[in-house]
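Peer 1: no sequence for this one, just the structure:
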Ligand SMILES: Nc1ncnc2c1ncn2[C@@H]1O[C@H](COP(=O)(O)OP(=O)(O)O)[C@@H](O)[C@H]1O
Ligand SMILES: CC(C)(COP(=O)(O)O)[C@@H](O)C(=O)NCCC(=O)O
């Protein structure tokens, strides 16, 4: 798609999103009483408790991507000085008028949330991402745009809030007000769902992938639910209330594994390219299926012939290796990682006796193959008792959570 068409599409999406979100429902789920005071350990930042920093920016510095949310209030508070007013205006203009920042930063315009309320202020939430590996360039950009002059503190979560803390201080004299990533994630999810009626969806006809289609899910009574965050690695939580959750499992075979293996096997250079290749490929050329072993179904234990018996199981044969394409390898990598996550998620749901399984994280970005597979896996292997749910703001809940927890 050429750039102008892409921008136009983004704007249309943004308009739809605006319409969808216009009817703001006040967030009843977010209570500020028993919430984590993780950040209060940071004495330097105590003065910021329970107020929105100006400008309100939250970052989630993950293993692969840094996610940033900027809350643009409808009515800006009276700035303390003329200089402050000018810098604030510059930041606002820079963040909200561009959709690309430097070489690798992107604003997801289609996810923008208009007319939302945070800490009694109405405004717009803008969502931006860039590779964590580009943190140095981001800090230089923040310096050059004068942000560092005005921003003294940024709400931050993710492992990088720890890893880059010193660098933020040294390079731009910004302090990070740190929040735990799982606290922030849950806060962000519950908030987004109350603000945007179309946030949560599932796949109708999940048992037939060729027919499955996105449909809205009413997530207004969310508890209990299993939360599967598929980022670089995978964290799995059982959530029973706004402040009642535990991390029950995880796996190192996550989105980072998919991208790493896919890069090795196909030479692809971006996540988008990996997904495009996977979309055109056929994993059955790479995997060994039950029917490749049994000649059909393994009836006694209800294993259909089409089931993957052994991921990449055909690749020990030289003839097979020379006949597979990059696309097949990308598809097989995606299916392998996704099925493994689905299996672990399902076992967690069964153990915890919870029937809703919510999948989030940027691994699901532009990745309907995995979402449909997860929806299928939950439905099929549970005899229709488990439901896979997905959320539109996929990877942005952690950064959003930080400004809510402030
Ligand atoms: N533009 C992108 N660049 C790199 N990885 C991406 C991109 N979009 C989606 N992904 C996928 O999302 C994963 C990172 O997800 P995310 O939720 O941001 O986790 P983290 O917090 O660990 O960075 C990557 O491992 C990759 O599978
Ligand atoms: C360490 C992490 C919480 C970091 O989060 P991420 O940046 O991957 O979103 C996550 O990668 C994880 O839970 N990994 C799996 C560890 C395990 O349980 O084996």
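Peer 2: Okay, I see it. None of these values were measured; they are calculated from a predicted model. Numbers count the residues shown, from 1 in each chain. Ligands and ions are numbered 1, 2, ... in the order given.
Peer 1: which SS class is the residue of the stretch 1-150 of the chain found nearest ligand 2?
Peer 2: Closest residue of the stretch 1-150 of the chain to ligand 2, CB to the nearest ligand atom: residue 63 (3.5 Å). The C-beta positions use only the backbone N, C-alpha and C, and glycine is treated the same way. For residue 63, the secondary-structure state derived from DSSP: H, G, I helix; E, B strand; the rest coil is coil.
Peer 1: could we number from 34 for the rest of this?
Peer 2: Understood, numbering begins at 34; the last thing we discussed is residue 96.
Peer 1: so who does the closest residue to ligand 2 within the stretch 284-433 of the chain touch?
Peer 2: Going by CB to the nearest ligand atom, ligand 2 is nearest to residue 285 of the stretch 284-433 of the chain, at 4.6 Å. By CB atoms under 8 Å, 6 or more residues apart in numbering, the contact set of residue 285 is 266-267.
Peer 1: hmm, 6 Å instead?
Peer 2: residue 266 (CB atoms under 6 Å, 6 or more residues apart in numbering).
Peer 1: ok, for residue 418, nearest residue in space, not its chain neighbours?
Peer 2: residue 388 (5.9 Å; CB to CB, 6 or more residues apart in numbering).
Peer 1: look up how far ligand 1 lies from that neighbour.
Peer 2: 24 Å (CB to the nearest ligand atom, to the nearest Å).
Peer 1: show me which residues of the stretch 334-439 of the chain sit near ligand 1.
Peer 2: Contact residues, the stretch 334-439 of the chain versus ligand 1 (CB under 6 Å from any ligand atom): 394-396, 398, 428.
Peer 1: residues near the residue in the stretch 334-439 of the chain that ligand 1 sits nearest to, how many?
Peer 2: Using CB to the nearest ligand atom, the closest approach of the stretch 334-439 of the chain to ligand 1 is made by residue 395 at 3.2 Å. Look at residue 395: counted by other CB atoms under 10 Å, it has 21 neighbours.
Peer 1: also residue 315?
Peer 2: Neighbours of residue 315 using other CB under 10 Å come to 14.
Peer 1: now it: phi and psi?
Peer 2: phi -130, psi 110 (degrees, to the nearest 10).
Peer 1: and the closest residue to residue 436 other than its chain neighbours, which of the three is it?
Peer 2: Once flanking residues are discounted, residue 436 sits nearest to residue 91: 4.1 Å by CB to CB, 6+ apart. Of the three states, residue 91 takes strand under three-state DSSP.
Peer 1: which SSE is residue 368 in?
Peer 2: Per DSSP states H and E, residue 368 falls inside helix 359-385.
Peer 1: and that helix, what does it pack against?
Peer 2: strand 258-263, strand 267-274, strand 277-284, helix 288-299, helix 304-313, helix 401-414 (3 or more CB pairs under 6 Å, 6 or more residues apart in numbering; DSSP states H and E).
Peer 1: doesn't residue 277 make contact with residue 270?
Peer 2: No: in this structure, residue 270 is not within contact of residue 277 by CB atoms under 6 Å, at 10.6 Å.
Peer 1: you'd agree residue 160 is in a strand?
Peer 2: Yes: Residue 160 forms part of a strand when assessed by three-state DSSP.
Peer 1: look up how far residue 225 lies from it.
Peer 2: For residue 160, the distance to residue 225 equals 11 Å [CB to CB, to the nearest Å].
Peer 1: pick out whichever of the two has more residues nearby.
Peer 2: Between residue 160 and residue 225, counted using other CB under 10 Å, residue 225 has the larger neighbour count: 26 against 22.
Peer 1: ok, back up a step: identify the residues contacting the residue nearest to residue 436.
Peer 2: 102, 188, 432, 435-436.
Peer 1: for the protein, what helix or strand is lowest in average pLDDT?
Peer 2: helix 36-54 (a mean of 41; mean pLDDT, DSSP states H and E).
Peer 1: related to what we said a few turns ago, and for the nearest residue in space to the residue of the stretch 334-439 of the chain closest to ligand 1 that is not next to it in sequence, the neighbour number?
Peer 2: Distances taken as CB to CB, 6+ apart put residue 428 closest to residue 395, at 3.4 Å, once the chain neighbours are dropped. Neighbour count for residue 428, taken as other CB under 10 Å: 27.
Peer 1: need the contact list for residue 428.
Peer 2: 100, 394-395.
Peer 1: try residue 125
Peer 2: Taking CB under 6 Å, 6+ apart as the definition, residue 125 has no contacts.
Peer 1: and it, what element?
Peer 2: helix 115-130.
Peer 1: any idea which helix or strand comes after that helix?
Peer 2: strand 133-134.
Peer 1: okay, now the sheet partners of that following strand, with direction.
Peer 2: Its sheet considered, strand 133-134 pairs with strand 138-140 (antiparallel) by DSSP bridges.
Peer 1: if we can go back for a sec, what score does the residue nearest to residue 395 have for pLDDT?
Peer 2: pLDDT, residue 428: 98.
Peer 1: so it, which of the three states?
Peer 2: Residue 428 is classified as coil under three-state DSSP.
Peer 1: got the residues of the stretch 34-183 of the chain near ligand 1?
Peer 2: Counting by CB under 6 Å from any ligand atom, the stretch 34-183 of the chain sits next to ligand 1 at 95-98, 164.
Peer 1: kindly recompute the last result at 5 Å.
Peer 2: Taking CB under 5 Å from any ligand atom as the criterion, the stretch 34-183 of the chain approaches ligand 1 at residues 95-98.
Peer 1: pLDDT score for the spatially closest residue to residue 184 that is not a sequence neighbour?
Peer 2: Spatial nearest neighbour of residue 184, chain neighbours left out: residue 207 (5.4 Å); criterion: CB to CB, 6+ apart. Note on residue 207: pLDDT of 93.
Peer 1: isn't residue 207 right up against residue 201?
Peer 2: Yes: if you go by CB under 6 Å, residue 207 and residue 201 touch, sitting 4.7 Å apart.
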